[in-house]
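Trainee: predicted model follows, preceded by the sequence.
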Amino acid sequence: MSLYVDADACPVKDECTRAAERLGVRVFVVCNGGLRPSAHPLVETVFVPDGPDEADKWIAERAGPGDVVVTGDIPLAAKCVASGAAVLKHDGEALTPANIGNVLAMRDLMADLRSADPFRQGGGRAFTKADRGRFSAALDRALRMAGAAR
């Protein structure tokens, strides 16, 4: 069992390390660069080449049943769900075979709406302490379930 973290712009890297330490899980923090490698023995920082979706490709090629993936990238999440991995968004929402189709469709719809209105301003809401707490609880559950499934 491994925990894969799509680390570029990930607000919950520290929570992933703490959960892995509590449960003895190997963590792969995958990024294009710009992160300081962790000194923790369970955490391996993987630097992939520059280029679009290189971190996503690295994770998608390796994640499978019994693994947990943390990402905000919906296409990556869909690939990981299809391969049998458990997937969590940064706010703790689980992406599963039952909901990934709807989440992908909503992502595509929102991209179309943004491209149709070049004056649209703003983005999502701010990441809150409550989001961080929900994520930590969801990650613990996902890691325990993944460990029990093996």
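Mentor: Structure received. Residues are numbered from 1 along each chain as shown.
Trainee: what is the helix or strand of the chain with the lowest mean pLDDT packed up against?
Mentor: Taking mean pLDDT, DSSP states H and E as the measure, the helix or strand of the chain with the lowest value is helix 100-116, at a mean of 79. When contacts are defined as 3 or more Cβ pairs under 8 Å, 6 or more residues apart in numbering; DSSP states H and E, helix 100-116 sits against helix 74-82. Where you see a C-beta, it was placed from the backbone N, CA and C, and this is true even at glycine.
Trainee: returning to what we had before: list the buried residues for whichever helix or strand comes after the least confident helix or strand of the chain?
Mentor: The first helix or strand that comes after helix 100-116 along the chain, using DSSP states H and E, is helix 129-149. For helix 129-149, the buried set under the neighbour-count rule, 16 or more other Cβ atoms under 10 Å, comprises 131-132, 134-136, 138-139, 142-143, 146.
Trainee: can you check stretch 1-13 too?
Mentor: When burial is assessed from 16+ other Cβ under 10 Å, stretch 1-13 yields the following buried residues: 1-8, 10, 12-13.
Trainee: those: which two are farthest apart?
Mentor: Met1 and Asp8 (23.2 Å; Cβ to Cβ).
Trainee: about what we covered before: lowest-confidence one in the buried residues of stretch 1-13?
Mentor: Minimum pLDDT across these is recorded for Asp8, with 84.
Trainee: any idea how far that one lies from Ala19?
Mentor: 20 Å (Cβ to Cβ, to the nearest Å).
Trainee: same question for Leu35.
Mentor: Distance from Leu35 to Ala19, counting by Cβ to Cβ: 18 Å.
Trainee: and for Val27?
Mentor: As for Val27, its distance to Ala19 is 9 Å (criterion: Cβ to Cβ).
Trainee: check contacts around the closest residue to Gly34 other than its chain neighbours.
Mentor: Across the structure, with Cβ to Cβ, 6 or more residues apart in numbering as the measure, the residue nearest Gly34 apart from its sequence neighbours is Asp8 (7.8 Å). By Cβ atoms under 8 Å, 6 or more residues apart in numbering, the contact list for Asp8 reads 31-32, 34, 55.
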